[in-house]
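Enquirer: predicted coordinates and the sequence they were generated for:
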Amino acid sequence: QVQLQESGPGLVKPSQTLSLTCTVSGGSITLNYYYCSWIRQPPGKGMDWLGAIDYSGSTFYSPSLKSRTSISRDTFKNHFTLQLSSVTPEETAVYYCAWESNYYSSGSWGQGTQVTVSS
């Protein structure tokens, strides 16, 4: 059974960089056709896809956030990270990581971690 766990600061100041790590257990982040994604859900709003890194290491970002987003991975530790710079209070949300494959129609999500952007 694949499990994902998000970790990182729960409080970030405006204009600073939000950094989160997703540790995957029970499955490899380099497994063919799987993507490691970051998604967030602000309070009272829908899901917002931030970006992903695929099994080969290629990255994909939401066009609206591309200039401020970086997703990387550590294949030895089997985890991937999100860095979102210059955050604003409007980016307060529950941040989720996911490991999914459209090819295999399968995947898992983390339970989510609350990140509040406030001074």
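Expert: All right, it came through fine. Numbers count the residues shown, from 1 in each chain.

Enquirer: give me the most central residue, the protein.
Expert: For the chain, the residue whose C-alpha lies nearest the mean C-alpha position (C-alpha atoms, centre = their mean) is residue 38; its distance is 2.6 Å.

Enquirer: residues in a beta bridge with that one, which ones?
Expert: Each beta-bridge partner of residue 38 is listed here: residue 51, residue 97, as defined by DSSP bridges.

Enquirer: now do the contacts for it.
Expert: 20, 22, 49-52, 71, 82, 95-98 (C-beta atoms under 8 Å, 6 or more residues apart in numbering). C-betas here are computed from N, CA, C, even on glycine.

Enquirer: cool, and residue 91?
Expert: Applying C-beta under 8 Å, 6+ apart to residue 91 gives the contacts 18, 40, 42, 84, 115, 117.

Enquirer: what does it show for phi and psi?
Expert: Main-chain torsions, residue 91, degrees, to the nearest 10: phi -100, psi 10.

Enquirer: quick check: it vs residue 115, distance?
Expert: Noted for residue 91: a distance of 8 Å to residue 115, by C-beta to C-beta, to the nearest Å.

Enquirer: list of residues touching the lowest-mean-pLDDT helix or strand in the chain?
Expert: Each helix and strand of the chain was given a mean pLDDT (mean pLDDT, DSSP states H and E); the minimum falls on strand 106-109 at a mean of 93. For strand 106-109, the surrounding residues in contact (C-beta under 8 Å, 6+ apart) are 2-4, 27, 34, 96-101.
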